[in-house]
Each structure stands twice: as structure tokens, then as C-alpha cells.
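Participant: Attaching a predicted model along with its sequence, questions to come.
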Amino acid sequence: LVLVPAAWRFTRHAVTIVHEGGHGLAATLSGRRLAGIRLHSDTSGLTVSVGRPRGPGMVVTLLAGYPAPALAGLGAAWLAGSGRSAAVLWLWLLLLALVVIQVRNWFGLWSCLVAGVVVGVIAGAAPIVVQGVAAHALALFLLLGALRATLELQRSRSRRGGGASDADQLGRLTHLPGILWVGVLVAAAAACLVGGVVVLGIPALLGR
């Protein structure tokens, strides 16, 4: 779902939903007013918030996007690894519900509804074993997807000449190079992936 290009074109939408949700949550917690979220068919997204154009609140809002799927994946791994797979699925549905409230375009609404129906059916009707597999798969998908998305960020900056990405906007606000922020985001995603793999007990399984 992450490594196969044909599948990634579709599954990346789930990573974008969490990414934009991270922007929205950070904006709200930092005192900014969330004005809406848009999700696009090319897997990009846009979160609009109202507040000071500079300062800590804006920095936190911009910084929260790329780490959000990685942190969500790490949290899902911890819950799934401790036997609370159902909680992973219901929390995912809660996230989707919160994002839907702020979505301002039809494609974004459609993306959230499709994801919600799929997870909702598993959470509400699937056997416990299937829920466990789904929770573990969702955790790994978010962890791997977050890392791939951050790695693609630099390629996108190079192709488009930079300027509009989260890393470039952070660079302008903090007077630090955008490439430095890319490194920070990649390191955060990689750290979450390693932590998630350990929490899920994958090294122990491979060692048997």
C-alpha cells in the first residue's frame, strides 16, 4: 500500500487526511482560528487558519503536518501492541469525524467518507481477529506512509523550485534553511517508525 506506486496514489489520501488534521489541531491548540480543510485528488491538501502570520503559533501549525501521521501511527502501534485494536479503529473514526466537520470541498468529503465506511465496517462488524490485523496494518501503513511522504517532500521542493511547502514556509518564519526542516521531519518520521516497529514486537517475530 505504501511501496507500490499504483497503490500509493490512492492510499496516500489517508496520510493526507491525518497530515491536514495535524495542521488543524495544532492551529486550534495554538490559539489560531481554523477556517477549513481542503483535500485534493492529487493527494495534496490545504488547511486554512486565521491568526498572526508570524510567531510561535504559525510555526507550530506548519510543523505539525508531516509528523502527524507518524505520531498517529506510533500511537496506533502502541494500542494495537497492547491488545487494544478496537480502540485504534474507533479513534480513527473519531479523527475522520473531526476532519469532516472542517472539510470545505466535495473530494475531501468523499475521501473521508470512504475511509470512514471501510474502517467503520471493520470496527462494527468484523471478528476480533480481523480487527487486530486491521489495527496493526493501519499502524504500519501510517508509519511507513509518513516516512515516504516526508522523503517525497524534498523531491517535490526540487521539482517545484520550493516556496510553498511546509518546510519552505518554516524556513522563512525561522530564518533556517528549508532543507534543514526537511531533515527534521524525516528524522521524526524515521524515529516514529523505529519506535512503532519495536512496540509492535516485529523484531521479536523476525528473530524466531
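Facilitator: Yep, it's here.

Participant: separation between residue 143 and residue 118?
Facilitator: Residue 143 sits 19 Å away from residue 118, going by C-beta to C-beta, to the nearest Å. From N, CA and C alone the C-beta is placed, and that goes for glycine too.

Participant: other SSEs contacting the helix ranked longest in the chain?
Facilitator: Using DSSP state H to define each element, the chain has its longest helix at helix 128-160. Judged by 3 or more C-beta pairs under 8 Å, 6 or more residues apart in numbering; DSSP states H and E, helix 128-160 is in contact with helix 5-29, helix 67-81, helix 85-102, helix 106-125, helix 166-174, helix 178-199.

Participant: Please produce a markdown table containing the ones you listed, extended by mean pLDDT, mean neighbour count and distance to residue 150.
Facilitator: Listed next are the helices and strands packed on helix 128-160 as a markdown table, based on pLDDT from 0 to 100; neighbours: other C-beta atoms under 10 Å; distance: least, C-beta to C-beta, whole Å:
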| stretch | mean pLDDT | mean neighbour count | distance to residue 150 |
| --- | --- | --- | --- |
| helix 5-29 | 94 | 19 | 10 |
| helix 67-81 | 97 | 24 | 8 |
| helix 85-102 | 96 | 19 | 20 |
| helix 106-125 | 95 | 16 | 21 |
| helix 166-174 | 94 | 19 | 9 |
| helix 178-199 | 96 | 18 | 5 |
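
Participant: Same list, these, but as TSV with distance to residue 139 please.
Facilitator: TSV is the format used below for the helices and strands packed on helix 128-160 (distance: least, C-beta to C-beta, whole Å):
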stretch	distance to residue 139
helix 5-29	12
helix 67-81	4
helix 85-102	7
helix 106-125	13
helix 166-174	24
helix 178-199	6
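
Participant: Of all those, which one comes closest to residue 134?
Facilitator: Taking C-beta to C-beta, helix 106-125 is the member of the helices and strands packed on helix 128-160 nearest to residue 134, at 4.9 Å.

Participant: And the contacts of that closest one?
Facilitator: 13-14, 17, 37-41, 45, 86, 89-90, 92-93, 96-97, 99-100, 103, 130-131, 134, 138 (C-beta atoms under 8 Å, 6 or more residues apart in numbering).
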